[in-house]
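Novice: For reference, the sequence and a predicted model appear below.
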Amino acid sequence: MSDTTPTARRMLLATGAAALAGGTLTACGGKDETKPGQSEPGSASPPVAQSARSAEAAAPSAAPSPGTGKALLKSSAVPVGGGTVLKEEKLVVTQPTAGSFRCFTAVCTHQGCIVSKVENGTIDCPCHGSKFAMTDGAVTHGPATRPLAEKKITVAADGNISLA
Ligand code: FES
């Protein structure tokens, strides 16, 4: 009677070990197949959709800002026969004759410096000495060869000058 009990125990242990080993292998194989397949498609699609939306949203919002009509300065801040450089806005507003206002880009057409002053009838660039007529932005002295681009403005009854 003592011989059968240890033999039965060995058989049970061997069967149990085999069952455990098989169960462990099956569980590992199952987990490895599901994790990568489920996580990759879910995490890859949202960033693509967000970047496309942000690019679409940025384009329309940038377009209306120049023509919003925000006052640049008061007409009284522009001397007759001179002008005022707005460095932040990269614009220069001139008043060649009393009550006649013109506006140009302040970015020099030579190499992109911001013009620094309006003096003796010209808009002057400090970098290489180019000068532009305060009446129409034409080059009066090089090295620049192209005129300053004019910007349309409106002058309100209260004297506020803004981009048209
Ligand atoms: Fe204005 Fe050269 S950048 S003169």
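Specialist: On my side now, so go ahead. Just so we're clear, the structure is a prediction, and the values are computed from it rather than from any experiment.

Novice: all helices for this structure, in order.
Specialist: 4-62 (DSSP state H).

Novice: Point out the residues in it that sit beside the ligand.
Specialist: 108, 110, 111, 112, 113, 125, 127, 128, 129, 130, 143, 144 (C-beta under 6 Å from any ligand atom). Bear in mind the C-beta positions are built from the backbone N, C-alpha and C, glycine included.

Novice: Looking at those residues, which one is closest to residue 162?
Specialist: residue 108 (23.6 Å; C-beta to C-beta).

Novice: just checking, that closest one touches residue 144?
Specialist: Yes. Counting by C-beta atoms under 8 Å, residue 108 does reach residue 144; the two are 6.0 Å apart.

Novice: Overlap in contacts, those two.
Specialist: With contacts taken as C-beta atoms under 8 Å, 6 or more residues apart in numbering, residue 108 and residue 144 have 125, 130 as neighbours in common.

Novice: Give me the residue ranges of the chain where confidence is low.
Specialist: 1-68 (pLDDT under 70).

Novice: Go again with 90.
Specialist: 1-70 (pLDDT under 90).

Novice: sorry, back to before: generate a PyMOL selection restricted to the buried subset of the residues of the chain next to the ligand.
Specialist: To isolate the buried subset of the residues of the chain next to the ligand in PyMOL, counting by 16 or more other C-beta atoms under 10 Å, use the following:
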select buried, resi 108+110+125+130+144
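
Novice: since we're on residue 78, how many residues are nearby?
Specialist: Applying other C-beta atoms under 10 Å, we find 22 residues neighbouring residue 78.

Novice: pretty sure it is touching residue 161, no?
Specialist: Yes. Counting by C-beta under 8 Å, residue 161 is a contact partner of residue 78 at 7.4 Å.

Novice: joint contacts of those two?
Specialist: With C-beta under 8 Å, 6+ apart, residue 78 and residue 161 have common neighbours 93, 101.

Novice: Was I right to think residue 77 contacts residue 84?
Specialist: Yes. Counting by C-beta under 8 Å, residue 77 touches residue 84, with 5.6 Å between them.

Novice: Please identify which of these two sits among more neighbours.
Specialist: residue 84 (18 against 13).

Novice: how far away is that one from residue 111?
Specialist: Computed as C-beta to C-beta, to the nearest Å, the residue 84 to residue 111 distance reads 23 Å.
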